[in-house]
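> Fold the following for me, if possible:
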Amino acid sequence: STSAPLKTITKALSSSCPASTIKLVSNITQTDEAKLDTNKTVTLTSNSGIYTVTRGTGLTTSPIINQISGTLILTNVTFDGNNISSTSPLINTQQMTSVIPTIHLNSGTTLQNGKSTQPTTPAALWIQAGTQAPEYKSVGNHTINGAIIRNNHGNKGAIAIAATTLTIQSGTITNNTGVEESGGIFVWNADLIINGGEISYNTGGYVGGICLHSGTSNSYIRGSNLTINGGIIKNNTGPYTGGVHATGRCKITFTNGTVTANSCTKTSSCSGGIHVDSAATYSKTGGTLSGNTPINSNV
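The predicted structure is shown next:
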């Protein structure tokens, strides 16, 4: 049904039906946390063109959207952090109940200019299974289908996922920076599947593009898995690895796609393209790994 316009996403989400489409009719500044905390399916889009939701100056301890339940579909909408320092990402998707939240970032969606100061937090998007996966089994399936994640700065880079699965079908993750592990994507006991899209020009404190981490030495923690079936990972830079780094009991499966023109700045023991620690595993059956400096990989 159609109702009168509401001034904030907060009010729109709280009053939405079990299956709703929320349409922005103008650019807005979000001054409080908008929460999706019931098992609804909500599509957030723009009525025409692409409108922007901007982080307000007082929104420094909460995300613009905090999703702890339901399904959230983003299409033709921009979330802009306005380069305001915050302890939270632009969007937080975290399982807190038996209901697994799901998020899909479709074409026309942009997450930009997020700035996170929290040591464990990315700047743009944080997807985690929370307390419902105590042994870090992967639960939930999330997708990026054409979205752009750019110009974000956080301790964990732009995107972090934990104990869940994120599939990138298409889209661009570019020009993000990270203080700690990675500039692009930090994967912690989770699964990342890349079927297409571009991860480029990201800079991290350890890895430029993607960092796979197991997080602990406990035997029941399985580590992270990266499957590269397509897309391109290029022009990323980090001290120890430019493109992709796997630690602990993590695994990289490379079947197709391209890893090229990535670089690392440490003078020794670094890989420009892909670096695999001794406890991690690597399988390459296809794809292109070339033009990375100083070396393509250590395996």
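> The residue lying closest to residue 166 once chain neighbours are set aside and residue 71, how far apart?
The shortest distance from residue 166 to any non-neighbouring residue, by C-beta to C-beta, 6 or more residues apart in numbering, is to residue 142 (4.9 Å). Placement of C-beta: from N, CA and C, glycine included. According to C-beta to C-beta, to the nearest Å, residue 142 stands 10 Å off from residue 71.
> Based on its surroundings, how many neighbours for residue 260?
Burial of residue 260 is recorded as 18 neighbouring residues (other C-beta atoms under 10 Å).
> Residues in a beta bridge with it, which ones?
Using DSSP bridges, the beta-bridge partners of residue 260 come out as residue 234, residue 290.
> what's the pLDDT at it?
We note a pLDDT of 98 for residue 260 in this prediction.
> Enumerate the positions of the helix or strand bottoming out on mean pLDDT in the chain that are buried.
Within the chain, confidence by mean pLDDT, DSSP states H and E is lowest for helix 9-14 among all helices and strands, at a mean of 89. Buried residues in helix 9-14, defined by neighbour count with 16 or more other C-beta atoms under 10 Å: 9, 10, 12, 13.
> For it, name the packing helices and strands.
With contacts taken as 3 or more C-beta pairs under 8 Å, 6 or more residues apart in numbering; DSSP states H and E, helix 9-14 sits against strand 19-24, strand 28-30, strand 34-36.
> C-alpha coordinates for the helix or strand hosting residue 173, PDB please?
Following DSSP states H and E, one finds residue 173 within strand 165-174. Output of strand 165-174 as PDB, limited to C-alpha atoms (Å, rounded to 0.1, in the frame of the first residue of the first chain):
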ATOM      1  CA  THR A 165      28.800 -16.300   3.400                       C
ATOM      2  CA  LEU A 166      29.100 -13.300   1.100                       C
ATOM      3  CA  THR A 167      28.900 -13.800  -2.700                       C
ATOM      4  CA  ILE A 168      30.000 -11.100  -5.100                       C
ATOM      5  CA  GLN A 169      28.300 -11.400  -8.400                       C
ATOM      6  CA  SER A 170      29.300  -8.000  -9.800                       C
ATOM      7  CA  GLY A 171      30.100  -4.500  -8.500                       C
ATOM      8  CA  THR A 172      33.200  -2.600  -7.500                       C
ATOM      9  CA  ILE A 173      35.100  -2.300  -4.200                       C
ATOM     10  CA  THR A 174      37.600   0.400  -4.700                       C
END
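> contacts for that strand?
The contact list for strand 165-174, computed with C-beta atoms under 8 Å, 6 or more residues apart in numbering, reads 105, 107, 127, 138, 140-150, 158-159, 184-185, 190-202, 231.
> okay, now residue 47: neighbour count?
So residue 47, with other C-beta under 10 Å, has 12 neighbours.
> Buried residues, stretch 115-123. List them.
Of all the residues in stretch 115-123, those buried under the rule 16+ other C-beta under 10 Å are 115, 116, 118, 121, 122, 123.
> So for that stretch, first residue to last residue, what's the gap.
5 Å (C-alpha to C-alpha, to the nearest Å).
> Could you list the residues in contact with it?
Under C-beta under 8 Å, 6+ apart, the answer for stretch 115-123 is 81, 83-90, 114, 152-160, 176, 178, 180, 186.
> any idea of the mean pLDDT in that stretch?
Stretch 115-123 carries an average pLDDT of 93.
> now do stretch 222-240
95.
> now that stretch, how far from the centre of its chain.
Distance of stretch 222-240 from the chain centroid (C-alpha atoms, centre = their mean, to the nearest Å) equals 13 Å.
> now residue 245, what's its secondary structure?
Three-state call for residue 245 (DSSP: H, G, I helix; E, B strand; the rest coil): strand.
> quick one: it and residue 211 touch, right?
Yes: contact criterion C-beta atoms under 8 Å: residue 245 and residue 211 qualify, at 5.2 Å.
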